[in-house]
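Visitor: fold the stuff below for me.
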Amino acid sequence: MDDTMEKKHPLNDLMRETMAKIREMVDTNTIVGQPITTPDGVTLIPISKVSFGFGSGGGDYGKTPPKDFGGGSAAGVKIDPVAFLVIKDGTTRVLPVAVPPVSTVDRIVEMVPDILDKAEKYFDKKQEDPTC
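Guide: As a prediction, the model looks like this:
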């Protein structure tokens, strides 16, 4: 099939329209949400996991050359909340929404941001007062 035939084929239009609708549903604001600021100065940023898929298909039927086209497409989007970034007094923490970690490795990975934060404060304090 040559390029002009492909551009005019209804299946291409069907697929383009399906992808356009998926783009409308899934953007960066779906994954990292808009910040929410509470009256006491805490900023919450929702983080989500987005999964999506689509399928499209069609066929020509009728006498040669094909007179009619039949087709369809479907798309699905799944959004799961994962965590909130909590920003308070210049400190950022991750507040998971999901089930707590089960294995030791999961717990260690979850503790890394807190450990780094504490180490940074320790070294900052050490630089201010070397006698500590």
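Visitor: need the contact list for Phe52.
Guide: When contacts are counted by C-beta atoms under 8 Å, 6 or more residues apart in numbering, Phe52 touches 22, 25-26, 75-78. All C-beta spots, glycine's among them, are computed from the backbone N, C-alpha and C.
Visitor: what subset of those is buried?
Guide: By the neighbour-count criterion of 16 or more other C-beta atoms under 10 Å, those include these buried positions: Val26.
Visitor: in strands, which of the contacts of Phe52 fall?
Guide: Here DSSP state E is the test, and the contacts of Phe52 give 75-78 as lying in strands.
Visitor: show me where pLDDT drops low in the protein?
Guide: Residue ranges of the chain with pLDDT under 70: 1-8, 28, 66, 98-102, 130-132.
Visitor: do that again at 90, thanks
Guide: Along the chain, the model assigns pLDDT under 90 to residues 1-34, 41, 48-82, 89-91, 94-132.
Visitor: re the thing from before, with distance to Pro39 as added columns, please give the contacts of Phe52 in JSON lines.
Guide: Formatted as JSON lines, those follow (distance: C-beta to C-beta, whole Å):
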{"residue": "Ile22", "distance to Pro39": "37"}
{"residue": "Met25", "distance to Pro39": "32"}
{"residue": "Val26", "distance to Pro39": "32"}
{"residue": "Ala75", "distance to Pro39": "39"}
{"residue": "Gly76", "distance to Pro39": "38"}
{"residue": "Val77", "distance to Pro39": "33"}
{"residue": "Lys78", "distance to Pro39": "33"}
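Visitor: any idea which residue is closest to the centre of this protein?
Guide: The chain has Ile31 as the residue nearest its centroid, 3.2 Å off, counting by C-alpha atoms, centre = their mean.
Visitor: touching, that residue and Pro46? I think so.
Guide: No. Taking C-beta atoms under 8 Å as the definition, Ile31 is not a contact partner of Pro46, at 9.4 Å.
Visitor: could you give me the buried positions within the helix or strand hosting Leu14?
Guide: Element membership for Leu14, per DSSP states H and E: helix 10-25. The neighbour-count check on helix 10-25 (16+ other C-beta under 10 Å) flags 11, 14-15, 18 as buried.
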